[in-house]
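**Student:** Predicted model and sequence follow; I will ask about them next.
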Amino acid sequence: MRTLLFLAILAALVLGYGYYHAATHGTLYISLVDTSVKPYSGNVRDAAIRLLDENGKFLADAKSDHEYGVGRVIHPQIGDCTAAESSAPSTPAARDEWRECFETISTWVIGWADRVRTADIKFGHCDVKAVPVIIHKSQDWWLWWVPLPHVGGKPYTYFNLSINVDGANCTAANS
């Protein structure tokens, strides 16, 4: 009986830690798509993004890169971790630098990401204001402990922000 009680308490602690970590750490993916690119929509490259709440209050800056159009949020003090990420494979110290940067951003993102409603986007010759943002939030904290190679790691709250613009007309895209 004591063994069962111990296992139940242990399971509750493990799941409790998973819930706590997911509630205090988040990742953010920004999908910024130009729907005027045919036949397929294309990621917008070299864009400056301002993320805003429902009242138009500034939450964070982001940018999309030149090569792939990957959106990266920019922390006010440490930036976007791009340099740390690219040097991470080189040395253990570089990996630690990247982990510290990622930790800082993941605890910052969780405080505001679910409040994003619109974005101001600057790219090319366009300056588009108040573009609606579709946000998808997922928390699978209760699965994090599963000992499978493709599942492993600590649990996070995942935020996926979808932003669609019409680059040909410099407007928000009709979704």
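**Tutor:** Yes, it's here. Predicted model only: the values in this text are computed from it and were never measured.
**Student:** residues contacting the residue nearest to the spatial centre of the chain?
**Tutor:** By CA atoms, centre = their mean, the chain has its centre lying nearest to residue 28, at 0.6 Å. Taking CB atoms under 8 Å, 6 or more residues apart in numbering, we find residue 28 in contact with 73, 109, 113, 159, 161. All C-beta spots, glycine's among them, are computed from the backbone N, C-alpha and C.
**Student:** Which of those has the largest number of neighbours?
**Tutor:** residue 73 (25 neighbours; other CB atoms under 10 Å).
**Student:** low-confidence ranges in the protein?
**Tutor:** 141-152, 175 (pLDDT under 70).
**Student:** Where is the longest strand in it?
**Tutor:** Counting residues, the longest strand found in the chain (DSSP state E) is strand 126-139.
**Student:** what's downstream of that one, the next helix or strand?
**Tutor:** Once strand 126-139 ends, the next helix or strand along the chain (criterion: DSSP states H and E) is strand 157-166.
**Student:** The helix or strand following that following strand packs against which elements?
**Tutor:** As assigned by DSSP H and E, the chain's next helix or strand after strand 157-166 is strand 171-172. For strand 171-172, the packing partners by 3 or more CB pairs under 8 Å, 6 or more residues apart in numbering; DSSP states H and E come out as strand 126-139, strand 157-166.
**Student:** What pairs with the shortest one, parallel or antiparallel?
**Tutor:** What that stands for is strand 157-166. Using DSSP bridges, strand 157-166 pairs in its sheet with strand 26-34 (parallel), strand 126-139 (antiparallel), strand 171-172 (antiparallel).
**Student:** Name the residues of the longest one that are buried.
**Tutor:** Counting neighbours by 16 or more other CB atoms under 10 Å, one finds that the buried residues in strand 126-139 are 126, 128, 131, 133, 139.
**Student:** Bridged to the fourth one, which residues?
**Tutor:** For residue 133, the residues forming beta bridges with it (DSSP bridges) are residue 163.
**Student:** what number of residues lie near the closest residue in space to residue 123 that isn't next to it in sequence?
**Tutor:** Excluding the flanking residues, the one nearest residue 123 by CB to CB, 6 or more residues apart in numbering is residue 47, at 3.8 Å. By the criterion of other CB under 10 Å, residue 47 has 25 neighbours.
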